[in-house]
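*Asks:* How does the following fold in three dimensions:
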Amino acid sequence: MALSASLFLRQSQSLVMTPQLMQSIQLLQMTHFELNQFIAQEVEKNPLLDFAPSDGEFGGTRDDDGPFSGADEPAGSEPAEPRGSDLASDWYESEHTGTADRLSSQLDTNFDSGFSDEGVAPRPDAPELMSQWKSMPGSEGGESADLDDFVAGQTTLRDHLNQQIPFTLTTAADQLTAQILIDQLDEAGYLQADLREVALRLGRSVGDVETVLEALQTLDPPGVFARSLSECLAIQLRQRDRLDPAMAALVDNLELLARRDFLSLKRICGVDEEDLLDMLTEIRKLNPKPGSSFETSVSEAIVPDVVVRAAANGSWLVELNPDTLPRVLVNQSYYAEVAKHKHRPGEDHAFMSECLQTANWLTRSLDQRAKTIMKVATEIVRQQDAFLVHGVDQLRPLNLKTVAEAIKMHESTVSRVTSNKYMLTPRGLFELKYFFTVSIGSAEGGDTHSAEAVRHRIRALINQETPEAVLSDDDIVDLLKQAGIDLARRTVAKYREAMNIPSSVQRRREKRALSKVSAY
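*Replies:* Sure thing, here's the model as predicted:
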């Protein structure tokens, strides 16, 4: 058979992963913070993109209904001018139509005298605050005054310790050693340094460094410069004059306390049950993290992407949170102005055309992202209607495939949308992935149960138990089977350990000890 080369024309369709398509997919799984960072980078390098003024910013106006008028304008529209004349006319009308008089009569207040400076003599001993304020930057054409300059600074743990070192250590060598040890403290106030390395670095003996450390362990807050939890508690007990041999033995065997092995603790400490309860009460009063009160890190609040509210007709209103929706405008007028100049080189027109294409793609991608999140959230609310009404016990089993088939999208798209997205419901704030749980079979052949609902029921059963009737894993299996939930004992143990709930033996010891402490 002879081989020959030939040409054929073939027409086919295929999906090509262009860079813009891959970027659109990545936009789906971006968080609110990541999306704002990405848009800020695009606005910085694209002259046709700009942020739309949001509510409360200078230049932003409100319609009668309240929302910002420029937020809903189509791409390429110019931001609205501030309606300063309207505000002035509204004020003029209110002043000359009797509004001020009517308010004065209703509130029994004279606005003219309450806010007037006439007839008020300045106090001779008080400074002229107004003149001081006017002399500051920001007045009469000066630089704007930064309000952060008037905020009291927070004292850090290092600053707090440095204030005490001159009263504790006198020599320069000891103070230098103390500075090195302070630099090795973590946020909880524990020392993370090796004394041998510190001594070798400073050219001092290990004994000298240990002497400085013993002096530093007497500083405030109590327990600082400890190298372990046992040492931290021992330092605090020593300052309270409560570190007797029995208490020292208890502090040295904290692992037995964590396991609730009170019988072994009584034998090791050489005390009876009443004394052991007193020692446990004393331990609970100590601070295991003495440096935590000086922590300056700011906790970031989670901003929900979707808000669910109850409607008047009994249904649910699903809305996108406007605070998480980026507002980007495409400046079409600037592009048209540049396109008028025909004498400019072709590279400028090519650059502006590329910028316009990128800007239009970004606005379409953001719009598609918002619509996709809305579709997924609406379907989740429809599927989990019983949860919103009755609580966790009625959480239905749900997977990505069910939602994807309902909204006619791929499972990977639903997975990306639900990553790091949060929904604010009347039941609280939940991540979208919270509503997707595995299915657990029914003991009676009825409807299946959600794994999260089963975990909630296990937690509720354990919280209701008494010290005389602590439930074992087998007892929980029997109670769940009576409720129509078919679950194996090893699965109950796995769920219990995942919720950080100790075994029945440890719970029995703890509940008996707590009941005796409360009775005492």
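*Asks:* Can you tell me what sits against stretch 206-220?
*Replies:* With Cβ atoms under 8 Å, 6 or more residues apart in numbering as the test, stretch 206-220 has contacts from 160-161, 164-165, 168-169, 173-174, 177-178, 181, 191, 195-196, 198-199, 202, 224-226, 235, 239. For glycine as for every other residue, the C-beta is placed from the backbone atoms N, C-alpha and C.
*Asks:* Show me what counts as buried in whichever strand or helix holds Leu200.
*Replies:* Assigned by DSSP states H and E, Leu200 belongs to helix 195-202. Within helix 195-202, the residues scored as buried using 16 or more other Cβ atoms under 10 Å are 195, 198-199.
*Asks:* With respect to Pro290, which of the residues you listed is nearest?
*Replies:* Of all the buried residues of helix 195-202, Pro290 sits closest to Leu195, with 19.7 Å by Cβ to Cβ.
*Asks:* Quick one: end-to-end distance for stretch 335-350.
*Replies:* Length of stretch 335-350, first residue to last, Cα to Cα, to the nearest Å: 12 Å.
*Asks:* brain fart, stretch 484-501
*Replies:* Span of stretch 484-501 from end to end, Cα to Cα: 23 Å.
*Asks:* what is the rounded mean pLDDT of that stretch?
*Replies:* Averaging pLDDT along stretch 484-501 gives 87.
*Asks:* Touching it from outside, list them.
*Replies:* 440-444, 446, 449, 451, 454-455, 457-459, 462, 473-474, 476-477, 480-481, 503, 507.
*Asks:* Among these, which ones are in strands?
*Replies:* Under the assignment DSSP state E, the contacts of stretch 484-501 contribute 440, 449 to strands.
*Asks:* Got a ChimeraX select line for the buried ones in the contacts of stretch 484-501?
*Replies:* Command for ChimeraX that selects the buried part of the contacts of stretch 484-501, burial taken from 16+ other Cβ under 10 Å:
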select :440,449,451,454,455,457,458,462,473,476,477,480,507
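*Asks:* Of the contacts of stretch 206-220, just the buried ones, PyMOL syntax please.
*Replies:* With 16+ other Cβ under 10 Å as the criterion, this PyMOL line picks the buried residues out of these:
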select buried, resi 160+161+165+169+174+177+178+181+191+195+198+199+224+225+226+235
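*Asks:* and the next helix or strand after the helix holding Leu200, average pLDDT?
*Replies:* Once helix 195-202 ends, the next helix or strand along the chain (criterion: DSSP H and E) is helix 206-216. Averaged across helix 206-216, pLDDT comes to 92.
*Asks:* what's the closest of the buried residues of helix 195-202 to Leu265?
*Replies:* Leu195 (30.8 Å).
*Asks:* Counting neighbours, which bits of stretch 324-335 end up buried?
*Replies:* Buried-residue list, stretch 324-335, by 16+ other Cβ under 10 Å: 324-332, 334-335.
*Asks:* what's the answer for stretch 499-506, then?
*Replies:* The neighbour-count check on stretch 499-506 (16+ other Cβ under 10 Å) flags 501-502, 504 as buried.
*Asks:* Quick check: Leu280 vs Arg259, distance?
*Replies:* 14 Å (Cβ to Cβ, to the nearest Å).
*Asks:* From the buried residues of stretch 324-335, which land in helices?
*Replies:* Secondary structure assignment by DSSP state H places 332, 334-335 of the buried residues of stretch 324-335 in helices.
*Asks:* can you list those in JSON lines and add distance to Phe387 and pLDDT?
*Replies:* Below are those laid out as JSON lines (distance: Cβ to Cβ, whole Å; pLDDT from 0 to 100):
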{"residue": "Gln332", "distance to Phe387": "46", "pLDDT": "84"}
{"residue": "Tyr334", "distance to Phe387": "49", "pLDDT": "81"}
{"residue": "Tyr335", "distance to Phe387": "49", "pLDDT": "80"}
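*Asks:* Sketch out the strands for the stretch 351-500 of the chain, chain order is fine.
*Replies:* With DSSP state E, counting those that start in this stretch as the criterion, the stretch 351-500 of the chain has strands at 422-425, 428-431, 439-440, 449-450.
*Asks:* want to try CSV for the ones you listed, with mean pLDDT and distance to Thr218 as columns?
*Replies:* Formatted as CSV, those follow (pLDDT from 0 to 100; distance: least, Cβ to Cβ, whole Å):
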stretch, mean pLDDT, distance to Thr218
strand 422-425, 93, 46
strand 428-431, 92, 44
strand 439-440, 80, 56
strand 449-450, 82, 55
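*Asks:* Nearest to Val251, out of these?
*Replies:* Nearest to Val251, of all the strands of the stretch 351-500 of the chain, is strand 428-431, at 39.4 Å by Cβ to Cβ.
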